[in-house]
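Asks: Got a sequence here, can you model it:
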Amino acid sequence: MISARGGFTLVEVALAMGLFLVGITGLLGLFQFGGGLEASARSYAELAPALEPLVKDLRRDAWLLDATGTIAGIREIRGEPVPGAPGYYYNLEVDALASLPRAVIRFYRSSPDRIEASAAFLLPPEVPLQRRLNAHSP
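Replies: Got it, this is the predicted structure:
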């Protein structure tokens, strides 16, 4: 007599559910990771048109001058709005002790602790002649 087995055992059902849960958990993690990448890409795209003019302005104005027009240090820039990118603010961090100072701009929206994007560039200690003359004139 042949015994007909109808259905699955409890172990088979539990194993199938476990595999399904592991797969769904992995997919949800990918969605979260992809969402973070999308938000980061959106921030960089919104900031891209404003970045070049901002770096140009910082290279011109970041260095402080004394009364004689000599470089006296670097301006501390915190919480400045980004021109051309509404809703964004930035902090400038400079390693001024290096032979060729490296600057990092960190962009954020609501809190400086939550950086949306960043950009690094060299900030040589150079000041345009016109700015030096303006600082030296009475």
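Asks: so which strand or helix has the residue nearest to the spatial centre of the chain?
Replies: Centrality entry for the chain: nearest residue to the mean C-alpha point is residue 117, 1.5 Å, by C-alpha atoms, centre = their mean. Element membership for residue 117, per DSSP states H and E: strand 115-122.
Asks: what does that strand rub up against?
Replies: Strand 115-122 is contacted by residues 39-40, 43-44, 47, 51, 55, 88, 100-109 when judged by C-beta atoms under 8 Å, 6 or more residues apart in numbering. In short, each C-beta sits where N, CA and C put it, glycine included.
Asks: That one: which residues count as buried?
Replies: Across strand 115-122, burial judged by 16 or more other C-beta atoms under 10 Å covers 116, 117, 118, 119.
Asks: ok, now stretch 50-66?
Replies: 50, 51, 54, 55, 58, 59, 62, 63, 65.
Asks: The longest helix seen in the chain vs strand 115-122, what angle?
Replies: Longest helix in the chain by number of residues, with DSSP state H as the criterion: helix 10-61. Orientation of helix 10-61 against strand 115-122 (axes from the mean of the first three to the mean of the last three C-alpha atoms, to 10 degrees) gives an angle of 40 degrees.
Asks: What helices and strands are in contact with helix 10-61?
Replies: Packing partners of helix 10-61 (3 or more C-beta pairs under 8 Å, 6 or more residues apart in numbering; DSSP states H and E): strand 102-108, strand 115-122.
Asks: what about the ones you listed, which gets the closest to residue 17?
Replies: Among the helices and strands packed on helix 10-61, the nearest to residue 17 by C-beta to C-beta is strand 115-122 (39.7 Å).
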